[in-house]
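# Sharing a model that was predicted from the sequence below.
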Amino acid sequence: MQRHPTTISGGVIAVKSYLFRIVLTKEDDGRWSAEVPTLQGCAACGDTQEEALTNIHDAVEAYIRDMQKAGEEIPTDITLPVPTEPVVAVTV
């Protein structure tokens, strides 16, 4: 099943939001790394937590867009009503 944005009659584009759990880690050098276990190899880093979170958001968005272009099904990750860990939401 493809999940590409679809133009609906009237020129409206359908989009879908995704929510992925991230693992945020403070490294020995003081920088922060963030990875999305569900998306193999999708990771980012930053000098601060905020920068790592911003960078992982951008990385996840690019990863999902590449999956869409390849016609791959986007995996689902989180179905939590209230996440207890940091998460990133991406709408594509």
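Right, received. Where do you want to start? Here the structure is a predicted model, which means the values were calculated and not measured. Residues are numbered from 1 along each chain as shown.
# thought Y18 was touching E73?
No: judged on Cβ atoms under 8 Å, Y18 makes no contact with E73 at a distance of 11.7 Å. Quick note: C-beta positions are derived from backbone N, CA and C, even for glycine.
# which intervals of the protein have sub-threshold pLDDT?
Flagging of the chain using pLDDT under 70 yields the residue ranges 1-14, 78-84.
# Contacts only, for the spatially most central residue of the chain.
Most central residue of the chain, judged by C-alpha distance to the mean C-alpha position with Cα atoms, centre = their mean, is V60 at 3.3 Å. Residues touching V60, when contacts are defined by Cβ atoms under 8 Å, 6 or more residues apart in numbering, comprise 18, 20, 36, 39, 42, 88, 90.
# quick one, strands of this protein?
Counting by DSSP state E, the segments of the chain that form strands are 6-8, 12-14, 17-21, 23-26, 32-35, 43-46, 87-91.
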